[in-house]
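Participant: With the input below, show me the fold.
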Amino acid sequence: MQAQKRIGTHDGAFHCDEVLACWMLHQTKQFADAEIVRTREENKLSEMDIVVDVGAVFDPSTHRYDHHQKSFTDTFDEKHVVTKLSSAGLIYKYFGQEILQNIVKSVDVNYEKLYHLVYDNFIEEIDAVDNGVQCYAADAVPKYKVSTMLGQRVARLNPSWNDQSKKPDEQFQKAMQIVGDEMESIVNYYAKAFLPARSIVYEAISSRLDDHPSGKIIVLKTACPWKDHLFEIEKELQVSMYTLANVLYAVYEDQGGSWRVQAVPERPESFHCRKALPEAWRGIRDQALSDLTGVQGCIFVHATGFIGGAQTR
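Facilitator: Predicted coordinates for the structure are as follows:
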């Protein structure tokens, strides 16, 4: 029988990056049942099968994944020039493809696309926070997406300064459960809900002149995640007989059977729209809105004008 593998990481206060790194390693075949040893003693770390977030060595060939040394400058890829990797990003970069496949357990997934989506929408936040990267620059364009605030949730699990009754190693295990649940949820969303929606958005963009001669409205055959796909497809089809930037609204039937019209934002994460619904309609509801617009069956227009609803298409 082979000896049990051991994952080394530092003791003391724990942080989201090494907690997530350890959880991800448990999703690999090589380290699935590995013991986690929390120590800063170099003689003990030298005996570990893999070391994350401690040891001042980055060497994938010997499974040493620390990022604190001054010489460390690695990022996820050439697109991510601002955010250096933390131990979470390092483990994801070198083991991520296997981890994703073991979480999703499906062959009908574009894992290369999923690999980058999960980094952009989850892992990078962990890397950036751990490395002290400010989210916003002077131009107010975010440098990375903040989608979970997971680092703060993990930090709160550390024993507080005035309550030492909790055992750090036990709290570390609780933190691993939280980050694992979060990552599984995000991975499954992008694999099973987000990626399959792309074809629906592409079809709506391709046929939008059939729905309205202006080409400014897309009609989705079902409610689905559409904003990121719209912007990506616009870039892909920028050489076209009509200007894709003219798409102003998405129309779709919601789960309750009524219909929604949603203004296209300036960027996927922006609250500013290319063209919000008319100001005179905003905050008006039901019959008052129907009387104002001359369209029967109106339900509402949001006070900010980014979305409205009606009983029928």
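
Participant: Could you find the closest non-adjacent residue to Val146?
Facilitator: Closest residue in space to Val146, ignoring its immediate chain neighbours: Glu125 at 5.5 Å, by CB to CB, 6 or more residues apart in numbering. All C-beta atoms are positioned from the backbone trio N, CA, C, and that covers glycine.

Participant: Next secondary structure element downstream of the helix of greatest length in the chain?
Facilitator: Counting by DSSP state H, the longest helix found in the chain is helix 168-189. Proceeding N to C from helix 168-189, the next assigned helix or strand is helix 195-206, under DSSP states H and E.

Participant: buried ones in that following helix?
Facilitator: 195, 197-198, 200-202, 204-205 (16 or more other CB atoms under 10 Å).

Participant: any chance of those in TSV, plus distance to Ala175?
Facilitator: TSV is the format used below for the buried residues of helix 195-206 (distance: CB to CB, whole Å):
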residue	distance to Ala175
Leu195	29
Ala197	32
Arg198	34
Ile200	37
Val201	37
Tyr202	40
Ala204	42
Ile205	42
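
Participant: number of nearby residues for Val107?
Facilitator: 7 (other CB atoms under 10 Å).

Participant: So, low pLDDT: which residues of this structure?
Facilitator: 1, 138-141, 239-245 (pLDDT under 70).

Participant: Pull the contacting residues for the spatially most central residue of the chain.
Facilitator: Note on the chain: the residue nearest the mean C-alpha position is Asn121, at 2.1 Å, using CA atoms, centre = their mean. If you count contacts by CB atoms under 8 Å, 6 or more residues apart in numbering, Asn121 has them with 145, 147, 186, 190.

Participant: how much space between the closest residue to the third one other than its chain neighbours and Leu100?
Facilitator: What sits nearest to Ile186 in space, not counting adjacent residues and going by CB to CB, 6+ apart, is Phe122, at 4.9 Å. Distance check for Phe122 against Leu100: by CB to CB, to the nearest Å, it reads 11 Å.

Participant: Val54 now?
Facilitator: Val54 is 26 Å from Leu100, by CB to CB.

Participant: just Gln255 next, same as before
Facilitator: 28 Å.

Participant: again, but for Asp11
Facilitator: 30 Å.

Participant: the more surrounded of those two?
Facilitator: Taking other CB under 10 Å, Asp11 and Leu100 do not tie; Leu100 has more neighbours (23 against 14).

Participant: residues touching that one, list them.
Facilitator: Leu100 touches 111, 114-115, 118, 187, 191, counting by CB under 8 Å, 6+ apart.

Participant: do that again at 10 Å, thanks
Facilitator: Leu100 makes contact with 24, 27, 92, 109, 111-112, 114-115, 117-118, 183, 187, 190-191, according to CB atoms under 10 Å, 6 or more residues apart in numbering.

Participant: ok, back up a step: got any residues that touch both of Phe122 and Leu100?
Facilitator: With CB under 10 Å, 6+ apart as the test, Phe122 and Leu100 both reach 92, 183, 187, 190.

Participant: Neighbour-wise, which one of these leads?
Facilitator: Most surrounded of these: other CB under 10 Å gives Tyr92, at 27 neighbours.

Participant: Stretch 149-164: end-to-end distance?
Facilitator: End-to-end distance of stretch 149-164 (CA to CA, to the nearest Å): 25 Å.

Participant: can you check stretch 260-274 too?
Facilitator: 17 Å.

Participant: what helix or strand does Val54 sit in?
Facilitator: According to DSSP H and E, Val54 maps onto no helix or strand at all.

Participant: Which of the contacts of Asn121 are buried, as a PyMOL select command?
Facilitator: Here is the PyMOL command that picks out the buried ones among the contacts of Asn121, judged by 16+ other CB under 10 Å:
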select buried, resi 186+190
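
Participant: can you list the contacts of Asn121 in CSV and add distance to Asp286?
Facilitator: CSV is the format used below for the contacts of Asn121 (distance: CB to CB, whole Å):
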residue, distance to Asp286
Lys145, 36
Ser147, 34
Ile186, 37
Tyr190, 37
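
Participant: So which of the contacts of Asn121 is the closest to Gln173?
Facilitator: Ile186 (20.8 Å; CB to CB).

Participant: Please, where are all the helices along this structure?
Facilitator: Using DSSP H, helices in the chain cover 16-25, 42-45, 87-104, 111-118, 124-130, 150-155, 168-189, 195-206, 208-211, 227-236, 286-293.
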